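>>> how does the following fold in three dimensions:
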Amino acid sequence: MTVAVYPGSFDPLTIAHEAVALAALEQLGAERVDLAVSEVTLGKSHLAATVRQRAHRLEQLVERRAGLAVVVVSDQLIVDIARGYDVVVMGADKWSQVNDPAWYGGDTRARDAALSGLPRVAVAPRKGHTVPDELRLELPADLAQVSSSAVRAGRWEWAAG
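Numbers count the residues shown, from 1 in each chain. Presented below is the predicted three-dimensional model:
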């Protein structure tokens, strides 16, 4: 049984988040994808919605999508959230951050150690970011520009319904 985790702030939940979770189910042969929302989201102190509100929106999504589940975690780092899972799913923007030594105090050895602790990685394309073919989840190209920030700025059509 393959179980994947898709960590994120999901503030707000977008059509791209939903498409990524469903692509992970289908393309990875996952039996379940856990959408993980952290109690304290690293690097996103600006979030307006509480963890409870974000988890509630995710629960509304999983009620209508078999194979998806919601977990609220206390961990903040992807390597910690992904512990015990077969696959970790993320957008290409997050993958770029995970690979950036700045998030590890500029220490490439610390970054490499963290990356070695990850299970299999699956990455959703994102405008302006490169995804290695072996990590790529295939999604409709128009979703690569969808973002929660754009929804908050008024692109309501990108919000998950």
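
>>> the helices in the protein, which residues?
Taking DSSP state H as the test, the helices found in the chain are 15-27, 51-63, 78-81, 92-99, 108-116, 148-152.

>>> buried sites along the last one?
Within helix 148-152, the residues scored as buried using 16 or more other CB atoms under 10 Å are 148, 150-152. The way it works is simple: take the backbone N, C-alpha and C, and place the C-beta from them, glycine included.

>>> again with the second one
Within helix 51-63, the residues that count as buried by 16+ other CB under 10 Å are 51, 54-55, 57-58, 61-62.

>>> any weak-confidence spans in the chain?
Applying pLDDT under 70 to the chain flags residues 41-48.

>>> redo that, cut-off 80
When the per-residue scores of the chain are filtered using pLDDT under 80, the ranges that remain are 40-49, 161.

>>> so who does Ala23 touch?
If a contact means CB atoms under 8 Å, 6 or more residues apart in numbering, then Ala23 has 124, 137-139 as its contacts.

>>> pull the most distant pair out of those residues.
Put simply, by CB to CB the two of those set farthest apart are Ala124 and Glu138, 9.1 Å from each other.

>>> of those two, who's got more company?
For Ala124 against Glu138, the residue with the higher neighbour count under other CB atoms under 10 Å is Ala124, and the figures read 28 against 10.

>>> just give the number of residues close to the closest residue to the more buried one other than its chain neighbours.
In this structure, Ala124 finds its nearest non-sequential neighbour in Val20, 4.4 Å apart by CB to CB, 6 or more residues apart in numbering. The local packing of Val20 (other CB under 10 Å) involves 26 other residues.

>>> closest one of the contacts of Ala23 to Ser9?
Minimum separation from Ser9 among these (CB to CB) is found for Ala124, which lies at 15.0 Å.

>>> quick check: the closest one touching Ala16?
Yes. Look at Ala124 against Ala16 with CB atoms under 8 Å: they come within range, at 7.4 Å.

>>> which residues do the two both contact?
When contacts are counted by CB under 8 Å, 6+ apart, Ala124 and Ala16 are jointly contacted by 91, 139, 143.

>>> redo these as TSV? Include distance to Val72 and neighbour count.
As requested, these are exported to TSV (distance: CB to CB, whole Å; neighbours: other CB atoms under 10 Å):
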residue	distance to Val72	neighbour count
Gly91	20	24
Leu139	26	19
Leu143	26	20
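
>>> understood, closing this out.
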